[in-house]
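In: Sequence first, predicted coordinates after that:
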Amino acid sequence: MVNTREWKSERERYEAAWTKYQDVAERIDAAYESLDSGTQDQAPAQEDLAELQEAWKELESARERLGKYMNQFHENQMTQGKTVRG
């Protein structure tokens with residue numbers, strides 16, 4: 001059975017990971033925009049790119065965990081449907 005509290009917790013982790021990824025990506029994008037416009041003369045630091053990669057890994061992990069809960073929920077719904085129609 002899918003625990004609603006655990007699902008909500010995983011959903012919150014996913015949303016936090018997505019927000020972090022977006023924030024880092026926007027910061028890097030702004031740095032490249034500055035580089036393209038000539039207001040900055042160097043590309044984003046390796047640390048920023050490493051942070052983006054780490055944020056992506058966190059997002060993927062959160063997505064996988066959330067997907068497992070969604071699969072469990074779907075399986076439970078299918079099982080209940082078979083039982084009711086039985």
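Out: Happy to help now that I have it.

In: Next up, the contacts around the residue nearest to Arg27 when sequence neighbours are not counted.
Out: Closest residue in space to Arg27, ignoring its immediate chain neighbours: Asp48 at 6.7 Å, by CB to CB, 6 or more residues apart in numbering. Bear in mind the C-beta positions are built from the backbone N, C-alpha and C, glycine included. Taking CB atoms under 8 Å, 6 or more residues apart in numbering, we find Asp48 in contact with 24, 27-28, 31.

In: Could you dump those residues into CSV with secondary structure and distance to Ala43 added?
Out: Supplementary listing: these in CSV, determined by DSSP: H, G, I helix; E, B strand; the rest coil; distance: CB to CB, whole Å:
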residue, secondary structure, distance to Ala43
Val24, helix, 15
Arg27, helix, 13
Ile28, helix, 9
Ala31, helix, 7
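
In: of those residues, buried ones?
Out: 24, 28, 31 (16 or more other CB atoms under 10 Å).

In: low-scoring stretches of the chain, by residue?
Out: Counting by pLDDT under 70, the chain contains low-confidence residues at 1-2, 82-86.

In: rerun that using 90 as the cut-off
Out: 1-8, 30-46, 48, 67-86 (pLDDT under 90).

In: Can you check which helix is longest in it?
Out: If you go by DSSP state H, the chain has its longest helix at helix 46-85.
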